[in-house]
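Colleague: Dropping a prediction and its sequence here:
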Amino acid sequence: MELERISITVERDDLRRFDELLQRRQLGNRSEALRDLIRRRLIDEEIELGSGPAVASLTLVYDHEQRELARQLVSSGHAHHAQVLSVLHMHLDERLCLEVQILQGEPHDLKHYADRLIGLRGVKHGQLVLSSASLWEGDGTTGHHGSH
Ligand code: NI
């Protein structure tokens, strides 16, 4: 692996908070952390532009008492049954639910599906994490990213 030294300019306050974060979360030094961020961004781009099936997890936190929401989530899941491989549901408290959906399909379709659900009224938080098995075949980086 050939390394290149770069110099970057960032706001002082952001840098101070970044250093604190690295220390608190034991993420290594600035160089390691930035390499990781750059790599993650490149992977995201590769997955989004690439064709062929991706796998993904979609995490949703929502208020199940929000009118129509539970019904909308179920009917979306049925409409996309070929892509929704598995759903883990946990009742967080009297109102809030945590749901993790395991998805498989074209990246564009998965993003579209996720964006629609995350945008529904009553969904407090949502995040789609895309990955693709084909990205990792034989490049030796699986172990590194497996640790996150
Ligand atoms: Ni629930």
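Modeller: Looks like it came in fine.
Colleague: wait, isn't residue 84 in contact with residue 73?
Modeller: No: counting by CB atoms under 8 Å, residue 73 is not a contact partner of residue 84; they are 10.6 Å apart. C-beta coordinates here come from the backbone N, C-alpha and C atoms, glycine included.
Colleague: Look at the two and report which has more neighbours.
Modeller: The residue with more neighbours, out of residue 84 and residue 73, is residue 73; 22 against 19, by other CB atoms under 10 Å.
Colleague: residues in contact with that one?
Modeller: 60, 62, 99, 117, 120 (CB atoms under 8 Å, 6 or more residues apart in numbering).
Colleague: what sits against the second one?
Modeller: Under the criterion of CB under 8 Å, 6+ apart, the contact partners of residue 62 comprise 69, 73, 96, 97, 99, 120, 122, 123, 124.
Colleague: Apart from its neighbours in sequence, what residue is nearest it?
Modeller: residue 123 (4.5 Å; CB to CB, 6 or more residues apart in numbering).
Colleague: Identify the residues contacting the one you found.
Modeller: So residue 123 contacts 60, 61, 62, 69, 117 (CB under 8 Å, 6+ apart).
Colleague: circling back to that earlier point, got a winner among the contacts of residue 73 for most neighbours?
Modeller: Neighbour counts for the contacts of residue 73, by other CB under 10 Å, peak at residue 62, which reaches 24 neighbours.
Colleague: Next one: that one from the ion, what distance?
Modeller: 9 Å (CB to the ion, to the nearest Å).
Colleague: Narrow the contacts of residue 62 to those in strands?
Modeller: Counted as lying in strands by DSSP state E, out of the contacts of residue 62, are 96, 97, 99, 123, 124.
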